[in-house]
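Asks: Coordinates for the following, if possible.
(4 chains)
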Protein chains: 2
Amino acid sequence: MPEPGPHGARVTIHDVARAAGVSRQTVSNAVNNPERVHPDTLERVRSAIDDLGYHPSSSAQSLRSRRSGAIGLELHTLGTHNATIAPVLTALSVRAAPHGCHLVPFGSASGAPMLEGYRTMWAGRLVDAFLLADTHHGDPRPPWLEAQGIPYASFGRVWDDPTFTRWVDVDGAAGTRAAVEHCVAQGYRTIGFLGWPEGSVVGDDRLAGWRAACEEHGAGVGPVGRAVQDLDAALAAAVPLVASLSRRDAVVCASDVLALGVHEACVRAGLEPGRDLGIVGFDGSETADMHHITSVAQPYEAVAEEALRLVRAAMRGEDAPASGSLLTPVLSPDRSTTTP
Amino acid sequence: MPEPGPHGARVTIHDVARAAGVSRQTVSNAVNNPERVHPDTLERVRSAIDDLGYHPSSSAQSLRSRRSGAIGLELHTLGTHNATIAPVLTALSVRAAPHGCHLVPFGSASGAPMLEGYRTMWAGRLVDAFLLADTHHGDPRPPWLEAQGIPYASFGRVWDDPTFTRWVDVDGAAGTRAAVEHCVAQGYRTIGFLGWPEGSVVGDDRLAGWRAACEEHGAGVGPVGRAVQDLDAALAAAVPLVASLSRRDAVVCASDVLALGVHEACVRAGLEPGRDLGIVGFDGSETADMHHITSVAQPYEAVAEEALRLVRAAMRGEDAPASGSLLTPVLSPDRSTTTP
DNA sequence: CCTAACCATTTGATCGTTCAAATGACACCC
DNA sequence: GGGTGTCATTTGAACGATCAAATGGTTAGG
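Replies: Reported below is the predicted structural model:
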């Protein structure tokens, strides 16, 4: 294997040029704009590149082109952020390379000002753009990024600015709708819902999809329960909900944790999930998988791909799309709705 | 706020030099080696830096210094890798900045950890070093990295090479030992163990800690069950295990999923976790937290810090430490061992 | 035949920083 | 006064690539 010199000296574009008997620029063209180079020359340059094992230095490219090719992504330990973002991050990491870029996760030390991490990442142009997660009402990041002219895209709508369209989100209503349709197809009768307390935009969206689908299928709108994202609360809310339902009814839930609560309430009531009561969760998490609960799975791969597309378009200064990207989640059936 | 020009022109070291009436190099020194600069000059340069809002370009620094300051970390979707690595990754992201470096996660397209990703990351010197996770017997990465002279450190021992000491790992035996001691202190009598099938190095280590602690405390070595990392298997193995135990006995488990299996077997046997049977899991995962199961928590923050220290030492070409770093996990008590 | 147009390739400059060596200033000491 | 040091600062030269403009050679058009 042709290795760089013993001193760890890198093979530069210069070395290739000398070996192929052409100039630096021709080598550069052979790599970046092959159509500008005569086929014979191209062949010669390419074999020189292979022989010497040349790879362009990304530092040099960054300096000259004024682009680092990196995308910043903030990580933190609050709430369920970690579990939500981890699969997306993995998908992003896999797909970044084909897009010619890479990710740089960074964390805000607890107590530090919200924007501090973004500011330092951007200051040295360590990144060309940012991906936002966990956007919420009153989020200071979008207006700040906008004011600085920093390109960015977002997981989840940017609630304060309806004109911003560089976001990817999962169509919660379509997810619960699919859940209801699946339940109907499996022969469950009345379909209830266990959601979060009113006021959560995501939660209300998922509830709306369930209600609309119930009405459409004439299955009758079942009872609704509410609980925060916590197993104890879910169980407490699920007990009366399950009691109010009959055999072969079902419950669609706003999350897998809530679904697990229903699952447990079901077992405690002496019923078998799936056979006696259908249960559908939301997110396709490890939890749902472990307990064999049918769940509406987040399309992580598609989300990652779309996010990369959006942020790269922003980096290139392209026009924003006409509207945000609502991706449809896919139901992944398990025993909690398929046991006969 | 002093902004760069309207054309987005960056403030360079040159601009600062002109504003402060000194040369480029003096500015560079003022930033990187303040002791080389006369206090008065330093003050003048610093205020010029603040006035103009200068921040050194990381691309230019990388090119000149031949160091990117980035550390590569492979992510993939196999097994429980994601849940295990996510909290570490978050901790690493937070702590990287103070260390003057940043992470670059990358994914292998195929899914299996192969060398391709490492090769391309290294080829363009996008990263200076790597952090390995999920090392196993016959892992091709350590010998390859070693042969290429690429600096790296590892989460988990490098099994094939006992002379390699740049690793951080969690002391599983110390964790289960702490679990047993906690159980004894809480007044549980016989303490059983539910582990993975024999042959897993990590699993055997955790079992050894449990056994040693049992013998020391004269509590008598309780029964042992085995199951793969899966809730159904755990439950199946837990049922006979629980049946063989008496009231106020306890079970220490090699993982939280196994512990959840014991939890469920316990409930099905009409017993209340904590009051009738102590249960301790391992990893401090969301699962344990959700079900209020006492668990031996991975010291993620310490692991991340130590990993950064090791990999940076490797980058600087420092001598490897005399031995690897075994960190002690901390038991986090919950209802499954504290209900009176 | 002369000019324009085109093609493949080369040359010089530049990106923003840091390294290595040179400079000038001042104090010290025989 | 001339050598020897030390200190603060400056100068020139990289680092490795790409951009923009220039080069020489060939072909087509009037």
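Asks: Isn't residue A:248 up against residue A:186?
Replies: No - here residue A:248 lies out of contact with residue A:186, judged by CB atoms under 8 Å, at a distance of 9.3 Å. Glycine gets a C-beta too; all of them are placed from N, C-alpha and C.
Asks: neighbour count winner among those two?
Replies: Each of residue A:248 and residue A:186 had its neighbours counted (other CB atoms under 10 Å in any protein chain shown), and the higher figure belongs to residue A:186 (18 against 14).
Asks: anything in contact with each of residue A:248 and residue A:186?
Replies: For the pair residue A:248 and residue A:186, residues contacting each of them under the criterion CB atoms under 8 Å, 6 or more residues apart in numbering or on different chains are residue A:278.
Asks: which stretches of chain A form helices?
Replies: Along chain A, counting by DSSP state H, helices occupy A:13-20, A:24-32, A:39-52, A:58-65, A:81-96, A:116-123, A:141-148, A:172-185, A:201-216, A:231-243, A:256-268, A:286-290, A:300-315, A:335-338.
Asks: can the fourth one be found next to chain B?
Replies: Yes - legend: contact between helix A:58-65 and chain B by CB under 8 Å from any CB of the partner chain is shown at A:58, A:59, A:60, A:61, A:62, A:63.
Asks: and the stretch 51-200 of chain A, which residues reach DNA strand C?
Replies: For the stretch 51-200 of chain A, the residues in contact with DNA strand C (CB under 7 Å from any atom of the strand) are A:63, A:64, A:66.
Asks: which of those residues tops the neighbour count?
Replies: Highest count within these by other CB under 10 Å belongs to residue A:63, 19 neighbours.
Asks: Contacts only, for it.
Replies: Neighbouring residues of residue A:63 by CB under 8 Å, 6+ apart: B:57, B:59, B:60, B:62, B:63.
Asks: how near is it to DNA strand D?
Replies: Taking CB to the nearest atom of the strand, to the nearest Å as the measure, residue A:63 falls 4 Å from DNA strand D.
Asks: closest point of the stretch 101-250 of chain A to DNA strand D, which residue?
Replies: Here the residue of the stretch 101-250 of chain A nearest DNA strand D is residue A:125; by CB to the nearest atom of the strand that distance is 14.3 Å.
Asks: What of the stretch 201-340 of chain A?
Replies: When distances are taken as CB to the nearest atom of the strand, the stretch 201-340 of chain A approaches DNA strand D most closely through residue A:316, which lies 13.1 Å from it.
Asks: one step back: if we compare the helices of chain A, which one ends up closest to residue B:42?
Replies: Checking the helices of chain A against residue B:42 by CB to CB gives helix A:116-123 as the closest, at 20.6 Å.
Asks: If you count neighbours, what's buried in stretch A:66-77?
Replies: By 16 or more other CB atoms under 10 Å in any protein chain shown, the buried positions in stretch A:66-77 come out as A:67, A:68, A:69, A:70, A:71, A:72, A:73, A:74, A:75, A:76.
Asks: For chain A, which helix or strand comes out least confident on mean pLDDT?
Replies: Taking all helices and strands of chain A together, the one with the lowest average confidence (mean pLDDT, DSSP states H and E) is helix A:81-96, at a mean of 91.
Asks: you'd agree residue A:164 is up against residue A:153?
Replies: No - Residue A:164 sits out of contact with residue A:153 when judged by CB under 8 Å, with a separation of 9.4 Å.
Asks: More neighbours: these two, which one.
Replies: Looking at residue A:164 and residue A:153 with other CB under 10 Å, you find the greater number of neighbours at residue A:153, namely 28 against 18.
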